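Novice: Need coordinates for the below:
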Amino acid sequence: MNKTLLLTKSNLRKNRGTSIGLFFMMLIATCLVGISLLIFFDAYPTAQKKAEELNAGDGFITIRGNIEGFTDEKIEELIGEDTDHFYDYRDITYPTMTIPFGDGNAALTLAIDDESAFTREMNRISVIKEDTSITSNYVYLPYQFNTSGGFEIGDTYEYENYGKKYSFKVKGFTDVIYGGCNNNGIFTFVVDDDSYQKIWDEDKETAETIFIIYDLKESVNNGAFRIKTTNEILKVNPFIVVDGAELETLISSRTFIGLIIAVSMLVLTSLLVVALAMMLANCISNYIKENMKTLGALKAIGYTGKDIKGSLVIWFFLIALFASAIGIAISYACMPVFASLVVGQMGLSYQISFNPLATFIPVGYVILFTVIVTLISSGKISKIQPIVALREGVESHNFKKNHLALDKTSLSLNMSLAMKTHFGNMKQNIITFFAVGFMVFCCIISLLMYENFSRNPKLDIFATEICAGVVAGDGTDEDEMREYLKSRKDITNLREMLMMDFYYNDEVKFVSYVVEDTSLMRNQSVCYEGRLPQYDNEAAVSGSFAKAYGYDIGDQIKLDYGENSYNYLITGFIQTTNNNGREAILTYSGADHVVDMEKVPTWFWFDLTDPSDDYNANSEITNEIIEDCKDKYGSHIINTINFYEVMGGSMTTFRDISGFMLVVMCGISIVVIALILYLLIKSLVYHKRRDYGIYKALGYTSGSLMLQTAISFMPAIIASIVVFSIGSYYVANPYMSTFMRAFGLMQVNFDIPVIGVVIIGIGLVIVSFVLALAQTSRIKKIEAYNMLVAE
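Specialist: Residues are numbered from 1 along each chain as shown. Predicted coordinates:
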């Protein structure tokens, strides 16, 4: 053992450069795995932990409209049998509000609570930070308004509701389970008691809402319970509105960005680990070649192959140990940056904590992986005979082909010698080809995310239908409003569509889009297989639901609304990231089988005749249309939506995350390529030291030798970038589909800008050449005589 340790010490002393290069690659791999697992095991469970801390139960149900008769006793009668415990309270809730958020507005449900929300028995709201010096006319906003919405304590927050303007000073930010994230479709504000009383007095008649938070018995299915309870409530009063959500669904929609980041980091890490394995095997192979005489001498004086392999295992084990230890420490240090992205979408406070799994798995993985690769790669040492090793491993002439005869080529001398070096080092070329290619793939995936979530958001996967704006009337002046909107020259493609909740088998709620004419829908791509419904007996349903429940196109599905039901023919599968993959599209005539469509409000969706590339300009035109409708029809307008404002607010989080991921992926790729070139060029210069000695003696300058060496790597790099850029362009969408299915997207067709791929490719070629040229600078430091005699 003592001999092995002495040999290990010698290896570390003589191979500092190799050790440093591998050290940093192992450090990066450990760091990336650590960050991914911290997101999985520490940040991702935060929502569930907060739900338990704030006693959010298993879900909530809201009742609004004419709620007379819904006493505590009546609620107990309706849900007491299925719940272990429930808690109900009343507040002011506006079903569809447009409020400032992020770079635009958010259109969702707004609940207004008083400060008793901080001490409720269930669904408590907790203060994260506040300014106690603000004592009147204040509001506590959900934490997402701080992490993604652009608001700070002390700011003035203003919004408008049916012509009434409200203005509050932001006193603090809160953790809210039901009402803290724009992805959940509801925000909950807590205002001072005086302001709340004023709002209550003004809007109690139209906006008073009962919130029921419930804990179910173990044997009760949540979806079935909500559907059953909704039907029972509607039997009491069929004219009220019942809504709600399951805790599990809301947590899923709040945390999927964290999953995307973690999965992306793990994919990058897996590719980096493959590159690390190739480099580790190459380093061991080079070590054997460079130390052939030494190995022969060691075997001649009594060292066994086991001793030498043991020294290599200890050598790389020590590198892996220190690299992984420092790497996991760096992952904790970097975690606040990545956590800010997760928290930005999750909207809950998060404190990084020590997580044993996220700490020891990366360390153990990198160490074990290193030891296994070392043992496999060093196996040839046992087969080396001392006499062959003392002759530097030369048994006979290998008669390798001369790929480029200098007397016959038309290339310049520098280029010719560079190509000879290239063809004479095929293993180096293979490693370079795949290592650079893996990094290209990571960059293309990041480019895809940036293009579709930030630069040109792919709205057709975030919304079932796309428009410029929506104007909803109470039905009083329906025909006149339709004709007025059609007559406007700034409006085109006027269509009627509204959202309703249909149910399947008393266990699944479908957020259903009821459309007067599906051929007018702008987002035809929402149906990725089959077609949208056209007749009264047809429906299109979510592909993720169909896969889970065994439905296919052409099957019949029974959908319920209240006590009515109808069997619809499935004509197509649709997909969006909304509503947990549980959506449907029906025609007006189709929905009329279960609900009287003449009694429902009329929602007009419209596009702009001449839209601009400028979102703000489009938003202003849409606002003018909406304001004109409000002026003309007054109280008969029950709701309006400016789609451009809404998407500006909704996409804020995605823009920040996708831009950050592009920078991180490209940065890591450049660092990894630099480390790989460092190790390969270091080995190449050592092997060709005698050749360089001859070249310098013949009059070649260090600059020309450096240029030759750098150019010798470029064919493999250029080929890799071209091949993997083309391959990634076609593989990226199938790859994204593999984990986007979890969010309701069964087939994705993200746009990948060709110009972006070209820019990344050219950029990596230039950066790689500069890095290769920089790594060859060691040639300058060696004298021709020393290189010639290989000292």
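Novice: Have a look at the protein and report its longest strand.
Specialist: strand 83-101 (DSSP state E).
Novice: Direction included, what does it pair against?
Specialist: Strand 83-101 pairs in its sheet with strand 104-113 (antiparallel), strand 208-216 (antiparallel), by DSSP bridges.
Novice: quick one: contacts for the residue lying closest to residue 309 once chain neighbours are set aside?
Specialist: In this structure, residue 309 finds its nearest non-sequential neighbour in residue 378, 4.6 Å apart by C-beta to C-beta, 6 or more residues apart in numbering. Any C-beta I mention is one placed from the backbone N, CA and C, and that applies to glycine too. Under the criterion of C-beta atoms under 8 Å, 6 or more residues apart in numbering, the contact list for residue 378 reads 284, 288, 308, 309, 312, 313.
Novice: please redo it, this time with the cut-off set to 7 Å
Specialist: By C-beta atoms under 7 Å, 6 or more residues apart in numbering, the residues touching residue 378 are 284, 309, 312.
Novice: Quick check: the gap between the nearest residue to residue 459 once chain neighbours are set aside and residue 224.
Specialist: Nearest residue to residue 459 in three dimensions, chain neighbours excluded: residue 466, at 5.2 Å (C-beta to C-beta, 6+ apart). Distance of residue 466 to residue 224, computed by C-beta to C-beta, to the nearest Å: 33 Å.
Novice: just to revisit the earlier point, the residue nearest to residue 459 is in contact with residue 460, isn't it?
Specialist: Yes. Assessed by C-beta atoms under 7 Å, residue 466 is found in contact with residue 460 at 6.5 Å.
Novice: shared neighbours of the two, which are they?
Specialist: residue 523.
Novice: out of all of them, which helix in the chain is the longest?
Specialist: Across the chain, the longest stretch assigned as helix under DSSP state H is helix 247-290.
Novice: Averaged pLDDT, that helix. What do you get?
Specialist: Helix 247-290 carries an average pLDDT of 79.
Novice: Quick one: distance of that helix to the chain centre.
Specialist: 15 Å (C-alpha atoms, centre = their mean, to the nearest Å).
Novice: That helix to strand 208-216, inter-axis angle?
Specialist: Relative orientation of helix 247-290 versus strand 208-216 (axes from the mean of the first three to the mean of the last three C-alpha atoms, to 10 degrees): 60 degrees.
Novice: Now neighbour count and distance to residue 767 too, for the contacts of residue 378, in a markdown table please.
Specialist: Below are the contacts of residue 378 laid out as a markdown table (neighbours: other C-beta atoms under 10 Å; distance: C-beta to C-beta, whole Å):
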| residue | neighbour count | distance to residue 767 |
| --- | --- | --- |
| 284 | 24 | 28 |
| 309 | 20 | 37 |
| 312 | 22 | 32 |
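Novice: re earlier: roughly how far apart are the residue nearest to residue 459 and residue 82?
Specialist: From residue 466 over to residue 82 the distance is 39 Å, taken as C-beta to C-beta.
Novice: and if you look at residue 435?
Specialist: 58 Å.
Novice: Just the residues contacting stretch 528-543, thanks.
Specialist: 518, 521, 527, 551, 553, 557, 559, 568-575, 581-587, 589-590, 593, 744, 746-747.
Novice: what about stretch 113-128, how long is it end to end?
Specialist: 17 Å (C-alpha to C-alpha, to the nearest Å).
Novice: quick one: buried residues of it?
Specialist: Burial within stretch 113-128, assessed by neighbour count using 16 or more other C-beta atoms under 10 Å, is assigned to 113, 114, 117, 120, 122, 123, 124, 125, 126, 127.
Novice: same question, stretch 211-223
Specialist: 211, 212, 213, 214, 216, 222, 223.
Novice: cool, and stretch 563-573?
Specialist: Buried, per 16+ other C-beta under 10 Å, within stretch 563-573: 566, 568, 570, 571, 572, 573.
Novice: And the residues you listed, which two are furthest apart?
Specialist: 566 and 573 (19.6 Å; C-beta to C-beta).
Novice: Look at residue 638 and say how many residues are nearby.
Specialist: 17 (other C-beta atoms under 10 Å).
Novice: Could you verify that it is part of a helix?
Specialist: No. Counting by DSSP: H, G, I helix; E, B strand; the rest coil, one finds residue 638 to be strand, located in no helix.
Novice: and it, what does it touch?
Specialist: Neighbours of residue 638 in contact, by C-beta under 7 Å, 6+ apart: 472, 473, 474, 601.
Novice: how close does it get to residue 498?
Specialist: 11 Å.
Novice: okay, and the common contacts of those two?
Specialist: residue 601.
Novice: For residue 378, see how far away residue 207 is.
Specialist: In terms of C-beta to C-beta, residue 207 sits 74 Å off from residue 378.
Novice: for residue 21, same thing?
Specialist: From residue 21 to residue 378 the distance is 18 Å (C-beta to C-beta).
Novice: Skipping adjacent residues, who's closest to residue 547 in space?
Specialist: Distances taken as C-beta to C-beta, 6+ apart put residue 746 closest to residue 547, at 7.2 Å, once the chain neighbours are dropped.
Novice: Can I take it that that neighbour is in a helix?
Specialist: No. Per three-state DSSP, residue 746 lies outside any helix segment and is coil.
Novice: can you pull the pLDDT of it?
Specialist: 80.
Novice: I'd assumed residue 577 was in contact with it.
Specialist: No. The pair residue 746 and residue 577 fails to qualify as a contact (C-beta under 7 Å) at a distance of 11.5 Å.
Novice: hmm, back to that, show me what contacts the residue nearest to residue 459?
Specialist: Residues counted as contacts of residue 466 (C-beta under 7 Å, 6+ apart) are 459, 460, 522, 523.
Novice: As a markdown table, the strands paired with strand 83-101 with mean pLDDT and distance to residue 485 would be great.
Specialist: Putting those into a markdown table (pLDDT from 0 to 100; distance: least, C-beta to C-beta, whole Å) gives the following:
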| stretch | mean pLDDT | distance to residue 485 |
| --- | --- | --- |
| strand 104-113 | 86 | 19 |
| strand 208-216 | 94 | 31 |
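Novice: Out of those, flag the one nearest residue 143.
Specialist: strand 104-113 (14.6 Å).
Novice: buried sites along that closest one?
Specialist: 104, 105, 106, 107, 108, 109, 110, 111, 112, 113.
Novice: With stretch 136-143 instead?
Specialist: In stretch 136-143, counting by 16+ other C-beta under 10 Å, buried: 137, 138, 139, 140, 141, 142, 143.
Novice: Which of these sits closest to residue 426?
Specialist: Nearest member of the buried residues of stretch 136-143 to residue 426, counting by C-beta to C-beta, is residue 143, at 56.1 Å.
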